[in-house]
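**Q** here's my sequence, what's the structure:
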Amino acid sequence: MRYIKRKLHQRRTNRQQENSNDRAARSTSRATWCVAAFTIVIAGVGVLQWKVLSHELDVMRGQLDQMKSSGVQADKSIEAVNRMANETHIANDIATKALVAANRPWVGISRVESGPFKAGQELKINIVVKNSGRSPGLDVKGCFTTSSKISPEQSESSIRKLLSGRKGCKEPSQGVILPNAEFAYTDTVTAESATQEEISAINNGIRIVVVVGALDYTDSFGNAHKTLFCGMYIPKSSVYASCPAGNGAT
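**A** You can find the predicted model right below:
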């Protein structure tokens, strides 16, 4: 305690003995130290702020990277969804077409009936149409043309001419043909009674009886279908064989 008191007394004594220059120097020194201390404090605060800002910047960069990654993932997800939707549409279209094909009507020529031709009678044939499909044939129209004046030598060109004249059917609709149902069209080969000479020419193969025709119809989905037919009479068996061309179905 004595030492402290002695030092304080000595300091007061020294201050009392200071002149104005010494006091100014001591004040300047004290101010310098305060400024230095304040500068150090400011620098410390600046360092702390830089660290905080640097950390926040790193966090923001990380968030930006996550957002970019999320955007890429979102784009990939959208692309995958669109691809899946397109594939689903294609699969649904294929399934629908398969369903329509499996259950559609098939209206075609079941057989042609005429029997042995006889002299003194009109030459008539019955064209029997049948729906062998699984659903009704709608708005069925049939058109047929028959000729008995075709020679074997000109059969190919004559049949081709008959086929080229086969256009869209304008006959009245026969309405609906249910699955496995049949009905017949009757066509007249000659408008008058056939002579024995005509019958002999047919039976001996000098003349060929040819019938060509078309069936137009629709299914329950509104799709249009067509069946084309061409048949030649075989005298030995009294049946009609298919022509080399002119048969088909859609």
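**Q** going by C-alpha atoms from here, please, whenever you check contacts or count neighbours.
**A** Will do.
**Q** which residues does Ser242 contact?
**A** Residues near Ser242 by CA atoms under 8 Å, 6 or more residues apart in numbering: Phe229, Cys230, Gly231, Met232.
**Q** closest one to Ser147 out of those, please.
**A** Ranked by distance to Ser147 (CA to CA), the contacts of Ser242 are led by Met232 at 9.8 Å.
**Q** verify the contact between that closest one and Ile202 for me.
**A** No - applying CA atoms under 8 Å, one finds Met232 not in contact with Ile202, separated by 11.2 Å.
**Q** and for the two, which residues touch both?
**A** Ile208, Val209.
**Q** per-residue pLDDT, the residue most central in space within the chain?
**A** The centroid of the chain falls nearest to Ile90 when counting by CA atoms, centre = their mean (4.1 Å). pLDDT for Ile90: 84.
**Q** and the helix or strand harbouring Ala98, what does it pack onto?
**A** In the assignment (DSSP states H and E), Ala98 maps to helix 20-103. The contact analysis (3 or more CA pairs under 8 Å, 6 or more residues apart in numbering; DSSP states H and E) places helix 20-103 against no helix or strand.
**Q** okay, and the beta partners of the residue nearest to Ala224 when sequence neighbours are not counted?
**A** Leaving aside its chain neighbours, Ala224 sits nearest to Thr218 (4.4 Å; criterion: CA to CA, 6 or more residues apart in numbering). Thr218 has these beta-bridge partners by DSSP bridges: Leu138, Ala224.
**Q** got a list of what Thr218 touches?
**A** Gly137, Leu138, Asp139, Val140, Ala224, His225.
**Q** may I have the predicted confidence score for Gly222?
**A** We have a pLDDT of 91 for Gly222.
**Q** for it, which three-state class applies?
**A** coil (DSSP: H, G, I helix; E, B strand; the rest coil).
**Q** out of the contacts of Thr218, which is most surrounded?
**A** Neighbour counts for the contacts of Thr218, by other CA atoms under 10 Å, peak at Gly137, which reaches 26 neighbours.
**Q** isn't it right next to Asp219, touching?
**A** Yes - counting by CA under 8 Å, Gly137 does reach Asp219; the two are 5.6 Å apart.
**Q** shared neighbours of those two, which are they?
**A** Residues touching both Gly137 and Asp219 (CA under 8 Å, 6+ apart) are Pro105.
**Q** now Val176. Nearest residue, chain neighbours left out?
**A** Spatially, and ignoring its direct neighbours in sequence, Val176 is nearest to Leu138 (4.7 Å; CA to CA, 6+ apart).
**Q** just the pLDDT for the one you found.
**A** pLDDT recorded at Leu138 is 94.
**Q** ditto for Ala31
**A** As predicted, Ala31 sits at a pLDDT of 58.
**Q** please apply the same query to the one 3 residues further on.
**A** The per-residue pLDDT reported for Cys34 equals 67.
**Q** what's the spacing between the residue nearest to Val176 and Val128?
**A** Remark: distance between Leu138 and Val128 (CA to CA, to the nearest Å) = 17 Å.
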